[in-house]
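> Please work out how this folds:
(chains A and B)
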2 protein chains.
Amino acid sequence: MHTPDLSNIKITDPLFGRYADMVAEKLLPYQWEILNDRVPGVEKSYCVANFRIAAGRADGRHRGAVFCDTDAYKWLETVAYCIENGSGKAYEPVADELIDLIAEAQQPDGYLNTYFTVNHPEQKWSNLAEGHELYGAGHLIEAAVAYHRATGKEKILQVACRFADLICSLFGSGADKCGGYPGHQEIELALMKLSRATGEARYAETARHFLSVRGTQPNYLLEELAARGEDRIFPEFADYDDKYAQSHLPPVRQTTAEGHAVRAMYMYSAMADAALAFRDDELKAACCALWENITRKRMYLTGGIGSSGHLERFTTDYDLPNDRMYCESCASVGLMMFGQRMAMLTGDASYYDVVERALCNTVLAGIAADGDRYFYVNPLEVWPANCLPGTSLAHVKPVRQPWFACACCPPNIARTLASIGQYIYAQDEKSIFIHQFISSSLKAELKGIGIRIALDSSLLPDGLVRLRVETDRPGSFTVRIRIPSYLENPVFEFEGRRISPMIENGYAVLAVSHAGVQTLTVRGVVRPKWVAADVNVRADAGRVALVYGPYVYCLEETDNGALLPNLYVAPNAAVEVGPPESQLPGALPVLRFPGARLESGVENGLYGTPAFRFTEQPLKAVPYGLWCNREPGEMLVWLKARL
Amino acid sequence: MHTPDLSNIKITDPLFGRYADMVAEKLLPYQWEILNDRVPGVEKSYCVANFRIAAGRADGRHRGAVFCDTDAYKWLETVAYCIENGSGKAYEPVADELIDLIAEAQQPDGYLNTYFTVNHPEQKWSNLAEGHELYGAGHLIEAAVAYHRATGKEKILQVACRFADLICSLFGSGADKCGGYPGHQEIELALMKLSRATGEARYAETARHFLSVRGTQPNYLLEELAARGEDRIFPEFADYDDKYAQSHLPPVRQTTAEGHAVRAMYMYSAMADAALAFRDDELKAACCALWENITRKRMYLTGGIGSSGHLERFTTDYDLPNDRMYCESCASVGLMMFGQRMAMLTGDASYYDVVERALCNTVLAGIAADGDRYFYVNPLEVWPANCLPGTSLAHVKPVRQPWFACACCPPNIARTLASIGQYIYAQDEKSIFIHQFISSSLKAELKGIGIRIALDSSLLPDGLVRLRVETDRPGSFTVRIRIPSYLENPVFEFEGRRISPMIENGYAVLAVSHAGVQTLTVRGVVRPKWVAADVNVRADAGRVALVYGPYVYCLEETDNGALLPNLYVAPNAAVEVGPPESQLPGALPVLRFPGARLESGVENGLYGTPAFRFTEQPLKAVPYGLWCNREPGEMLVWLKARL
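Down below sits the predicted model:
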């Protein structure tokens, strides 16, 4: 199974089309200005400046984050997707100039990292735990593969291959090789991608090597850090442990999601890639176990992951606090990547339920409706007054920010939205797969048959998906449509006649054989639903949340007043589907339901005799992915149930 | 008003007597071994070793915490109280040896700090924000005053005075003086104490100077830190702001409790001392405003303070999360100190309600019933499985610890328990004051009358306090007994006859004029009570807690099973007062009441259709101050109310 070229997909969806278009319209120019330190009031990136110094075009020292080269790579990768999807052609000359600069910054042996080249050439590869050289290489490779695919131009791919060749020559199990592995995974999935793009097996072999040497004893990263002593790039690494970067066990033996959530997702994605490429059933079993652990015990309703604000990491089963966690936007992008690969590895459509949950909630929440402000941390409960600097909640921002010193999330969201088509469609030698119900069109070729698909979804509120399949000649293939878990009683019509397609691995399988236009509709019921959490989730005990299709809904202060934690709802309260909020994009319905507000808890004083008094209050919920696009204020997903 | 010598007080209370006795029996020898690095498995202190190096008795570099001299001073202060209260005479020779060592470590000009003397003599007084020199001086002075009072020996007092003289000569408002002030307050209250002990006004003047220069612009500490750049003793000071050490405003203009809670309490205590000594009404008004802000908006039911785990600090009004805060044992010791001074400053007994709340709950919880394990952080809800290193809850320990690298809390608890008599009794020129109902006896002299008081309290469960007053001659004075807020309908009997004493500033005023033995009883009703929190306390919305007199009660896993957050109670549930738990000290009753357990929230999966099912469950609560003295496990104070 592979994903079609983005050039063959057009997004027409009112919500995702808007966000996808914003990438080329707003994010690319905005981020380019930031990479060049030309945006007043935004923390300086130094990204392009560092490349200029490393390339010998300017003098000076590397400044900014040790990993900030990757901002340029992710920008380039996003440009590539925008060129491919037809929105970003204007950036190609700028991208080519950036590529020239990157190429000039590459060292004769293929090494490419501005921090070490400029500031610490003697320390190359000596601080894998913190140095991010392999992480940077991974993002370079991803950008290179994307740009080559979008433009056919070789230059950046050659740069990437030279660096990858150097890495393949340096790292390995031989006595003459470095036995280390990345402190931040990313190179593994990138090398798998490069191997697929170039046909070179050695890249995949090195990825596999990194996955097999990781977590062996003695622990390379711990020994390296111990040898460095107090000489740290990241002061918070005083708390470093072997779980942080998933080096506590060899990946194939890992069964619980541990440590830094983004590192984990990138590694699990590479594990799934490797399990598929090498038909490695043990690795596949580890991937399945990790997926189960995440989605059954360590994931928020919104598809957010990372329960600890400190070190942005997983904690323990069922520990899902709603206001202090991390739930980094990048981690949910990573969860989408892992889910997509699990679906490819297993052929099971149900992984896309989680991909969709992460996309429609945490990833969407990560970016403002206007495209120029971002959340890094995505809690399910926000009280702006206690999001104070220098406190336990310093990482939680009550409004989206213009940029971040560690600028991973905005470009990660950008590359995901620009390539959203890859999550909608896939194909193999005999089928077209439809994974997401984002209105769009696809041009494909299968068995020599030219195929055009128009997908028109109005799942919310109609429970309806219309599919128009046009083929240029007769010939049999199947269209496999994922049946999402929230679609009740789906009924299928083919050419206006009700049919009962085979359901296989979560897909409704529709055989197409005639030439010309054929129409298919899937009609079911999608209702707003109250959900509760497993009884072991202490933070959600006695609470309910409202979901509608893939969308989690939330209450905002602007609609419901302040002190949202004092609101109660009957766990079976009737929910009215209302017209969309005009200030919010995408025409998603607003949900209304009766509730009650706890008006007082005590007669007087801070603590005293209980005097609970309720007043009825109609409540209004909006999609979590769109919160904080109106008046800033409190937000809450899990409401107290009046039991 | 002053507190009597501890030598005139004997504690007979079954709870506090036990804890007070443990100080000399267990804490002093245990801590002495730790200070000398002789306890295997406990992080090294280096405290005595550093003094030996600074004294020239050994070679080497200073190791351990920058402020670890204070561990010796607090040990010495505790020895002094134990000598004074009659339990610690055996330590006097050891203390005298330590004093010799401290005196040898003092520099010719009076300077005394082993970190700077040994490692960075060139940096003395140049890092007030982090260096803790003035903080250390403060603890030296407190120890010296106490030891001099206990033994009459001058040596350590002379050492302290020499250092204090140096400080008075260096710091001030003149152009030839340093305009700085301590990064960690303590010197101010210590200099006030030294001034009272020696009659030297200049010490109080310097204390007052520190209080008036603090928070002026430009901010001394911020400028000093900025000048040092990245050269930090404490990496977490990357998050330093002017509120952290209460330097955001001059103290007299502060109205909200901000920043590091211990620093705040020590400063507010000094402000109250100075307001009294200098009859400074503006400073008194600031103290009252700060007290109100803490006790009405920023204090836990347990007398804990410091809502942010990170940087151990106050956050914002009504932000009182139950599981992630700091509530440092030392901060509640500081709150006791501040409350005691406010009562002295205003003559109002009600401040002692808060002192008692802090003592009976957070301070008591800080030490194990066996005296050899300690809590630093005192949450109101603990789930051991998520108290993980390297996460947001790394500071929360689910069981008491043998010691801490930053070892402030155990000795602070020790000195408080060893001098607990100062919180029970006070006297002025015409009255004996009784502030706490801790069974004990007092010898005093007033207007030439020799007085013996025996206080026998059985407030829990009987609501009864018996007082035996014996005088050696006729003469009129008053005994003023604080009427605690939780004692309902108090009835007074004097010599077996009911009387109606005047109630003044929260005290029942009893005139005594005859010679010989006179008995007084106060009998009222003390009932277990459910309390709720102000409606603005989001963390406690819809919850109730159980208090009984000054004691907050909590549920422990060992009595009620795991998953305590799933327990519900009717907000007016009948509470049965049961016999004490044999494994817990002090013979405090156990409380039992009917409750219900949420057995399930969802049919299956992590999230799904609500399926709330309750089963009735009788519940059992024990005093919070004694939690975790049996089987370790979950603990919870605020129970969900079934509304």
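> okay, now the domains of chain A?
A:6-424, A:428-525, A:528-641 (automatic domain parsing).
> What residues of stretch A:344-364 count as buried?
A:344-364 (16 or more other Cβ atoms under 10 Å in any protein chain shown). Glycine gets a C-beta too; all of them are placed from N, C-alpha and C.
> now, which of those residues lie within helices?
Mapping these onto helices (DSSP state H) picks out A:344-346, A:351-357, A:364.
> Save those residues as JSON lines, and put in pLDDT too.
Supplementary listing: those in JSON lines, determined by pLDDT from 0 to 100:
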{"residue": "A:Met344", "pLDDT": "96"}
{"residue": "A:Leu345", "pLDDT": "97"}
{"residue": "A:Thr346", "pLDDT": "97"}
{"residue": "A:Tyr351", "pLDDT": "98"}
{"residue": "A:Tyr352", "pLDDT": "98"}
{"residue": "A:Asp353", "pLDDT": "98"}
{"residue": "A:Val354", "pLDDT": "98"}
{"residue": "A:Val355", "pLDDT": "98"}
{"residue": "A:Glu356", "pLDDT": "98"}
{"residue": "A:Arg357", "pLDDT": "98"}
{"residue": "A:Leu364", "pLDDT": "98"}
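> Grab the nearest non-local neighbour of the residue of the stretch 351-500 of chain A found nearest chain B.
In the stretch 351-500 of chain A, no residue comes nearer to chain B than A:Thr391, which is 3.8 Å away by Cβ to the nearest Cβ. Of all residues not flanking A:Thr391 in the chain, B:Ser308 sits nearest, at 3.8 Å (Cβ to Cβ, 6 or more residues apart in numbering or on different chains).
> that older thread, now distance to B:Gly463 too, for the domains of chain A, in TSV please.
Shown next, in TSV, are the domains of chain A (distance: least, Cβ to Cβ, whole Å):
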stretch	distance to B:Gly463
domain A:6-424	40
domain A:428-525	59
domain A:528-641	18
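> To B:Lys155, which of those lies closest?
domain A:6-424 (38.8 Å; Cβ to Cβ).
> Measure how far that closest one is from the centre of its chain, please.
Averaged C-alpha coordinates place domain A:6-424 at 10 Å from its chain's average position (Cα atoms, centre = their mean, to the nearest Å).
> ok, now which ones touch the one residue in the stretch 451-600 of chain A that gets nearest to chain B?
Relative to chain B, the nearest point of the stretch 451-600 of chain A is A:Ala532 (3.8 Å; Cβ to the nearest Cβ). A:Ala532 makes contact with A:540, A:543-545, A:571, A:641, B:601-602, B:607-612, according to Cβ atoms under 8 Å, 6 or more residues apart in numbering or on different chains.
> Am I right that it falls within a helix?
No - per DSSP: H, G, I helix; E, B strand; the rest coil, A:Ala532 lies outside any helix segment and is strand.
> Contact residues of the stretch 1-150 of chain A facing chain B?
Within the stretch 1-150 of chain A, no position is near chain B by Cβ under 8 Å from any Cβ of the partner chain.
> Can you pull the residues of the stretch 451-600 of chain A lying near chain B?
Residues of the stretch 451-600 of chain A lying close to chain B (Cβ under 8 Å from any Cβ) are A:529-542, A:544-545, A:563, A:565-566, A:568, A:571-572, A:598-600.
> ok so, going back, so the residue nearest to A:Thr391 is in contact with B:Leu320, correct?
No - using Cβ atoms under 8 Å as the test, B:Ser308 is too far from B:Leu320 to be in contact (11.0 Å).
> distance of the residue of the stretch 101-250 of chain A found nearest chain B from B:Pro235?
Relative to chain B, the nearest point of the stretch 101-250 of chain A is A:Pro235 (3.9 Å; Cβ to the nearest Cβ). To B:Pro235, A:Pro235 is 4 Å away according to Cβ to Cβ, to the nearest Å.
> Likewise for A:Thr316?
Distance, A:Thr316 to B:Pro235, using Cβ to Cβ: 26 Å.
> Those two: who's more crowded?
Ranked by neighbour count (other Cβ atoms under 10 Å in any protein chain shown), A:Thr316 and B:Pro235 place A:Thr316 first, with 18 against 15.
> The more buried one belongs to a helix, doesn't it?
No - checked against three-state DSSP, A:Thr316 lies outside a helix; its state is coil.
> Check it and give its pLDDT.
On pLDDT, A:Thr316 comes in at 98.
> Buried among the residues of the stretch 451-600 of chain A next to chain B? Need that as a selection in PyMOL.
Buried residues within these, by 16+ other Cβ under 10 Å, are selected in PyMOL with:
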select buried, chain A and resi 529+530+531+532+533+534+535+536+537+538+539+540+541+542+544+545+563+565+566+568+571+598+600
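> Just the ones of the residues of the stretch 451-600 of chain A next to chain B in helices?
Counting by DSSP H, no part of these is found in helices.
> who in the stretch 151-300 of chain A is up against chain B?
Counting by Cβ under 8 Å from any Cβ, the stretch 151-300 of chain A sits next to chain B at A:235-236, A:238-241, A:243-244, A:295-297, A:299.
> ok, and the most crowded of those?
Most crowded among these, counting by other Cβ under 10 Å, is A:Met299 at 27 neighbours.
> what secondary structure does A:Val491 sit in?
strand.
> who's it bridged to?
Beta-bridge partners for A:Val491, by DSSP bridges, are A:Arg523.
> wait, what's in contact with it?
A:Val491 neighbours (Cβ under 8 Å, 6+ apart): A:498, A:522-524.
> any idea how far A:Ala621 is from A:Val544?
Using Cβ to Cβ, A:Val544 is found at 11 Å from A:Ala621.
> same deal with A:Ser439?
24 Å.
> Could I get the pLDDT score of A:Glu43?
The model's pLDDT for A:Glu43 equals 84.
> what's the burial count for it?
Other residues near A:Glu43 come to 17 when the count uses other Cβ under 10 Å.
> so what's it up against?
Here A:Glu43 is in contact with A:403-405 (criterion: Cβ under 8 Å, 6+ apart).
> From these, keep the buried residues only.
A:403-404.
> Could you tell me what pLDDT the model assigned to A:Glu470?
For A:Glu470, pLDDT reads 97.
> Please state the mean pLDDT value computed over stretch A:167-186.
Averaging pLDDT along stretch A:167-186 gives 95.
> What residues of it count as buried?
A:167-168, A:170-172, A:180-186.
> cool, and stretch A:21-28?
A:21-24, A:26-28.
> From those residues, which land in helices?
A:21-22, A:28.
> State whether the residue of the stretch 351-500 of chain A closest to chain B and B:Thr315 are indeed in contact, as I suppose.
Yes - applying Cβ under 8 Å, one finds A:Thr391 in contact with B:Thr315, separated by 5.4 Å.
> what touches both of the two?
Contacts common to A:Thr391 and B:Thr315, judged by Cβ under 8 Å, 6+ apart, are B:307-308.
> May I ask you to confirm that A:Pro461 belongs to a helix?
Yes - assigned with three-state DSSP, A:Pro461 falls within a helix.
> so how far is A:Val531 from it?
18 Å.
> And for A:Gly605?
From A:Gly605 to A:Val531 the distance is 37 Å (Cβ to Cβ).
> Could you do A:Pro384 as well?
According to Cβ to Cβ, A:Pro384 and A:Val531 sit 26 Å apart.
> Kindly report the same for A:Ala365.
In this view, A:Ala365 and A:Val531 are 18 Å apart by Cβ to Cβ.
> which residue is nearest the middle of chain A?
Taking Cα atoms, centre = their mean, the centroid of chain A lies closest to A:Val333, which sits 0.6 Å from it.
> related to what we said a few turns ago, what I need now is the ones in helices among the buried residues of stretch A:344-364 written out in JSON lines, including distance to B:Ala444 for each item.
Compiled in JSON lines, these are given as follows (distance: Cβ to Cβ, whole Å):
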{"residue": "A:Met344", "distance to B:Ala444": "85"}
{"residue": "A:Leu345", "distance to B:Ala444": "82"}
{"residue": "A:Thr346", "distance to B:Ala444": "82"}
{"residue": "A:Tyr351", "distance to B:Ala444": "78"}
{"residue": "A:Tyr352", "distance to B:Ala444": "80"}
{"residue": "A:Asp353", "distance to B:Ala444": "76"}
{"residue": "A:Val354", "distance to B:Ala444": "73"}
{"residue": "A:Val355", "distance to B:Ala444": "77"}
{"residue": "A:Glu356", "distance to B:Ala444": "77"}
{"residue": "A:Arg357", "distance to B:Ala444": "71"}
{"residue": "A:Leu364", "distance to B:Ala444": "72"}
